[in-house]
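> Predicted model, plus sequence, below.
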Amino acid sequence: MAKGYWITFYRSISDPAALAAYGKLAGPAIIANGGRFLARGEAMKAYEQGIARRATVTEFDSLEQAVAAHDSPAYQEALKALGNTCERDVRIVGGVD
């Protein structure tokens, strides 16, 4: 079974305090659902049309587990804390077997 990867790219952050509140809820919700953070933070370098902003890569044992983590009540609460304060691009993709 292929692993699942949850990749998030932030395009803009208008309220850092809301992002911090989201992080306090989102991190534990993701970890509780089997997520392992592989990378997160400000981009060191961006190429092509990339924006040098915050990005995260989280690994799960399966695609289904990644989707379940996103759809979990605890993560949905984190999204409420974030509100519309960030423009993000979120993808869940399968790993290469």
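Good, I have the coordinates.

> Beyond the biggest helix by length in the chain, next helix or strand please.
Secondary structure of the chain per DSSP state H: the longest helix is helix 16-32. Of the helices and strands lying after helix 16-32 in sequence (DSSP states H and E), the nearest is strand 36-42.

> what's in contact with that next one?
Residues outside strand 36-42 that contact it (C-beta atoms under 8 Å, 6 or more residues apart in numbering) are 27, 30-31, 52-60. For every residue, glycine as well, the C-beta is placed using N, CA and C.

> Do a quick rundown of the helices in this structure.
16-32, 63-71, 73-82.

> Please state the mean pLDDT value computed over the last one.
The pLDDT scores in helix 73-82 average 96.

> Report the buried residues of that helix.
75, 78, 81-82 (16 or more other C-beta atoms under 10 Å).

> With the first one instead?
Neighbour-count burial for helix 16-32 flags 18-19, 21-22, 25-27, 29-30 (criterion: 16+ other C-beta under 10 Å).

> re the thing from before, what angle sits between the longest helix of the chain and helix 63-71?
140 degrees (axes from the mean of the first three to the mean of the last three C-alpha atoms, to 10 degrees).

> Next, the angle strand 36-42 makes with helix 16-32.
Using the same axes, to 10 degrees: helix 16-32 against strand 36-42 is 170 degrees.
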